[in-house]
Structure formats: structure tokens, C-alpha cells
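Participant: any chance you could fold what I've pasted below:
(chains A and B)
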Amino acid sequence: MLSIFALVVLFIVCVAAGVYALIARKASAAVVPVSVAAESEDFAALSEAQRCDVIFAMGDLEGERSRTLLIAALDDPSPTVALAAAHVLARNGCLKDLEGYARSHEGARTAELLQMVSLLT
Amino acid sequence: MVQEEARDILDRLFIKRRLPDYSITARDIVTTQLRLGLQTVVSQLMGDQDNAPPALSSTRLRGPLDVPSLQRAADYLQQRAVESAASWFAACALIVGDSAAGLGAYRTALLAVVEPYVNVDEHDFLNALQQGRFPELDRALEGVKRSLLTAV
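Facilitator: The predicted structure is shown next:
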């Protein structure tokens, strides 16, 4: 009798853990990346000057989300928008992010970007 | 704080001027925060503690100042709109240095160029920033570079 009761409790615990894992996975998969992706699409639709303004405004905000978007903006097709993002990251003390970007994006564009940032900071 | 705010605006302007065909707007050249900061610094330097907004942080300037220009800057900051050239005139007046050469001479040249725009529509000032050519400022800047190199 006791072993049957223990089995039932174990079954309930397993089901609860499974449901929790499923919900947590859905939440992390569905909410954050989709939201960031949507923001990125909205951002890409703006003009170069507007993208610069958004980046400067994000520079006044703290948090992982703004940092993530600023790092993503380093790859912006416009070198000026990328410079704005690099400048804001440097000003906010995120030099490790810039160094990491430079290591993974070697080339003339990155070299020029870092040179311009060093002029401004 | 004023220095940081001014530097931030100039950095952003430098970046946005790299955009092709970008038109400078009033918000690119001044913010309310910068204007209030300049007003505080200039009022306190001129000893007008009653009209000075509360100090944002300690202020330290080293070197000769052009007091008559600072007095005019204080008046302009009181009378002119935020988006006028008054803030830039005040920022130029805060450059320290002997008038004979180097930074002092550059300050004199800057004030002479900016002051006429204080009393005109702000769009004229924006147009001047956008399209103006000022060889006298270029020459004065060369003088600053020479004096800095001599000092080194």
C-alpha cells in the first residue's frame, strides 16, 4: 500500500516537473528572442539618422537588452550607425564587448571603427 | 557634468555629421540640461548667486577668463531661447587662456563668429553650422595646435 502511494507521489512530481520544464522552455524560446527580433526589424526599418538617435537614447539606459541591441548595431550596414553604437558602448564602459567584437570581426571596417572610437573617447 | 554633457553633444554631432546629407537640428546642438548647466556655471562665475540655479556639481576653471564676454553670455542665457546660439556663445566664453595666443586667441575668434548668431533666428545658426566656412577659426585652431606642441 505504502509503495503504491510512493509511486503515485513520484508520478505526480515527475508530471509537475515536466509541465514546468515545458512552460519555462516555451517562455524563454517564445518571448525574449521573438521580441528582440521584432525590435531589430523595427530598428532596421528606420533611417540612418533615426537609428543613430535610437542608439544614443539607448546609451542612457542600463540593462542587458540595450547592451545586446548596441552590440548587434555594430554590424549595422551603415558605418556611421555602427560608430554610434561603438561610441555608446565605449562611453558606457563596455570595452570588453568592443574587444570581443574586434576579435571576431577582423578587417578594415572594424579597424576604422575602433580608430574613430578612440578619437572620441 | 556640464563638461560631460557638452562633450556628449559634440561627439554625437561629430558622428551624425558623417551621415550623407544630414541636416543639423536644434536638438543636435543643445539640450535643456546643458543649457541649465551653462547657466549655473556662468551665473556663479559672475557672482550672481541669487539667479543661479542650484549647482549640479563642483566647478573648477584654471586660467584667464574673458570677463566681459562671460557677462554677455550670462545676459544671453537669461534672454535667448534654448535653441539659440546663446549656449554655444557661453561655452566658447568658458574657454580659459590668455587672449594673446593659443586657446585665448581661439576663444576670441570663436566668440566673434558665434556672437552675431545669438540675436538671429536659430535656423540661421544651424545653417551656418551646416554650411558655413570660417577660415579665421581654422587659423586660430592651428595656433592652438602650435601652442600645444610648443608646450610639449
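Participant: what residues does chain A have near chain B?
Facilitator: A:E48, A:A49, A:C52, A:F56, A:S78, A:P79, A:T80, A:L83, A:A84, A:H87, A:R91, A:L120 (Cβ under 8 Å from any Cβ of the partner chain). The way it works is simple: take the backbone N, C-alpha and C, and place the C-beta from them, glycine included.
Participant: list the contacts for the first one?
Facilitator: By Cβ atoms under 8 Å, 6 or more residues apart in numbering or on different chains, the contact list for A:E48 reads A:S78, A:T80, A:V81, B:L19.
Participant: make TSV from those residues and add neighbour count, distance to B:L149 and pLDDT to it.
Facilitator: Listed next are those as TSV, based on neighbours: other Cβ atoms under 10 Å in any protein chain shown; distance: Cβ to Cβ, whole Å; pLDDT from 0 to 100:
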residue	neighbour count	distance to B:L149	pLDDT
A:S78	17	36	95
A:T80	20	31	96
A:V81	25	35	96
B:L19	17	33	94
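Participant: how about TSV for those residues, with distance to B:R12 and secondary structure added?
Facilitator: What follows is those, written out as TSV (distance: Cβ to Cβ, whole Å; DSSP: H, G, I helix; E, B strand; the rest coil):
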residue	distance to B:R12	secondary structure
A:S78	15	coil
A:T80	11	helix
A:V81	12	helix
B:L19	11	coil
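Participant: state the pair within the residues you listed that is farthest apart.
Facilitator: Greatest spatial distance among the contacts of A:E48 (Cβ to Cβ): A:V81 and B:L19, at 8.7 Å.
Participant: overlap in contacts of those two?
Facilitator: Contacts common to A:V81 and B:L19, judged by Cβ under 8 Å, 6+ apart, are A:E48, A:C52.
Participant: closest point of chain B to chain A, which residue?
Facilitator: Going by Cβ to the nearest Cβ, chain A is nearest to B:R18 of chain B, at 4.7 Å.
Participant: that residue and A:A82 touch, don't they?
Facilitator: No: contact criterion Cβ atoms under 8 Å: B:R18 and A:A82 do not qualify, at 10.9 Å.
Participant: look at the two and report which has more neighbours.
Facilitator: A:A82 (22 against 15; other Cβ atoms under 10 Å in any protein chain shown).
Participant: buried ones in the helix or strand containing the more buried one?
Facilitator: Using DSSP states H and E, the element containing A:A82 is helix A:79-91. Within helix A:79-91, the residues scored as buried using 16 or more other Cβ atoms under 10 Å in any protein chain shown are A:T80, A:V81, A:A82, A:L83, A:A84, A:A85, A:A86, A:H87, A:V88, A:L89, A:A90, A:R91.
Participant: and what of stretch A:110-121?
Facilitator: So, applying 16+ other Cβ under 10 Å, buried residues of stretch A:110-121: A:T110, A:L113, A:L114, A:M116, A:V117, A:L120.
Participant: mind exporting the helix or strand containing A:K96 as PDB, just the C-alpha atoms?
Facilitator: Using DSSP H and E, A:K96 maps to helix A:95-104. This file holds the C-alpha atoms of helix A:95-104, laid out as PDB (Å, rounded to 0.1, in the frame of the first residue of the first chain):
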ATOM      1  CA  LEU A  95      35.100  47.900 -23.700                       C
ATOM      2  CA  LYS A  96      35.200  44.100 -23.400                       C
ATOM      3  CA  ASP A  97      32.300  43.900 -25.800                       C
ATOM      4  CA  LEU A  98      34.200  46.000 -28.300                       C
ATOM      5  CA  GLU A  99      37.300  43.900 -27.900                       C
ATOM      6  CA  GLY A 100      35.300  40.800 -28.400                       C
ATOM      7  CA  TYR A 101      33.700  42.200 -31.500                       C
ATOM      8  CA  ALA A 102      37.100  43.200 -32.800                       C
ATOM      9  CA  ARG A 103      38.400  39.700 -32.300                       C
ATOM     10  CA  SER A 104      35.500  38.100 -34.200                       C
END
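Participant: helix or strand next in line after that helix, which one?
Facilitator: By DSSP H and E, the next helix or strand past helix A:95-104 is helix A:108-120.
Participant: before we move on, back to that, name the SS class of the residue of chain B closest to chain A, please.
Facilitator: Classification of B:R18 using DSSP: H, G, I helix; E, B strand; the rest coil returns coil.
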